[in-house]
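K.L.:
Need a 3D model of the sequence below.
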Amino acid sequence: MKFVYPIAAIAIIITLSVLGGAFFIVDETQQVVVTQFGKPVGKPLTTPGLHMKIPFIQNTNFFDKRFLAWDGDPNQIPTKDKRFIWVDTYARWRVADSLLFFQRLRDERRAQSRLDDILDGETRNAIAKHVLVELVRSSNPEAQEEPGLLTVKYGRETLEAEVLKAASSRVVDLGIEILDFKFKRINYVEEVRREVYARMISERKRIAEEYRSEGAGEAARISGEKDRELKTITSEAYRKTQEIRGKANSQAADIYAAAYNKDPEFYQFTRTMESFTKILDDNTTLVMSTEGDLLKYLGGVK
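P.N.:
This is a model prediction of the structure:
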């Protein structure tokens, strides 16, 4: 009897171990490939819940069903026009076929390494086929409305699509799907940066000079219109003043003529008196003839 209890305890431990190894849980974010002696058995398990396997013989290989990130290392890459730039990229991918993924790559670490080779290589190929301006500029037509800038046939978005298409065709047999690819950062090397800054400065100066020239031309046009309108207004005012002055002189002459015809002697007398105020002052010595009109009128005053 004394050997029964140890044997029972051992049996219970073995039973629990067997039962514990026979069950496994698949999470909503996971997919599982069951292998037996290293070879896949059956179809991948993608349904969440409790599943069974043969203890000690079969193993479970868990893979993530969610979108995974790939972050490339910054690289110095030459463009088609022989300009070197620093390019930093990133992509999103997922395990599309877990069985094929396990057979070709085994785990995410090897998948990331394989993506390094594929995406870095396709990035270099795409950049080498395009000039610098097509990489740093957008292909959006609204961005090309500023005068003086080069027309961009292929923009950064087009290059990203080229890399994504080329890389996707190379990972189909790896059980991977590349969902998105982007240029995270693009920067010039020091030599190219100086050239770009100098070109930007000269280009902006040229555009500013065009604006100044257009402004000077518009200012000259406005000034010319102002002078023309001022001369028109001045000449019109002068014409009106001459008309008014002419009418006034005509009316004054009519008044003088009417007054003269009414009493010629009185008119002659008033005109003579008015002439005194113009020709005589306190220091004037006047010598008059006895036959003159002035002496006659002065004598008539008495």
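K.L.:
starting at the chain centroid, how far to the lengthiest helix in the chain?
P.N.:
Counting residues, the longest helix found in the chain (DSSP state H) is helix 190-262. Centroid displacement of helix 190-262 relative to its chain, using Cα atoms, centre = their mean, to the nearest Å, is 39 Å.
K.L.:
for that helix, packing partners?
P.N.:
Helix 190-262 sits against strand 84-95, helix 264-279, with contacts defined as 3 or more Cβ pairs under 8 Å, 6 or more residues apart in numbering; DSSP states H and E. C-beta: built from backbone N, CA, C; applies to glycine.
K.L.:
Save the ones you listed as TSV, and put in mean pLDDT and mean neighbour count too.
P.N.:
Shown next, in TSV, are the helices and strands packed on helix 190-262 (pLDDT from 0 to 100; neighbours: other Cβ atoms under 10 Å):
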stretch	mean pLDDT	mean neighbour count
strand 84-95	92	18
helix 264-279	73	11
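K.L.:
To residue 164, which of those lies closest?
P.N.:
Closest approach to residue 164 among the helices and strands packed on helix 190-262 (Cβ to Cβ): strand 84-95, 7.9 Å.
K.L.:
between that closest one and helix 190-262, how many degrees?
P.N.:
With axes from the mean of the first three to the mean of the last three Cα atoms, to 10 degrees defining the directions, strand 84-95 sits at 110 degrees from helix 190-262.
K.L.:
And the next helix or strand after strand 84-95, what's buried?
P.N.:
Going down the chain from strand 84-95, the next helix or strand is helix 98-104, by DSSP states H and E. Residues of helix 98-104 classed as buried by neighbour count (16 or more other Cβ atoms under 10 Å): 98-102, 104.
K.L.:
helices and strands around helix 98-104, which ones?
P.N.:
When contacts are defined as 3+ Cβ pairs under 8 Å, 6+ apart, helix 98-104 packs onto strand 30-36, strand 39-40, strand 58-64.
K.L.:
Show me how this structure divides into domains.
P.N.:
Residue ranges for the domains of the chain, per automatic domain parsing: 4-64, 68-188, 272-301.
K.L.:
Can you say which of those is packed in most?
P.N.:
domain 68-188 (a mean of 16; mean count of other Cβ atoms under 10 Å).
K.L.:
what about that one, how long is it end to end?
P.N.:
For domain 68-188, the separation between the terminal residues is 29 Å (Cα to Cα, to the nearest Å).
K.L.:
quick one: low-confidence parts of this protein?
P.N.:
Where the chain drops to pLDDT under 70, the residues are 1-6, 8-20, 138-152, 192, 280, 286, 288, 290-302.
K.L.:
Strands of the stretch 51-200 of the chain, residue ranges please.
P.N.:
In the stretch 51-200 of the chain, strands defined by DSSP state E, counting those that start in this stretch lie at 58-64, 68-71, 75-78, 84-95, 176-188, listed in chain order.
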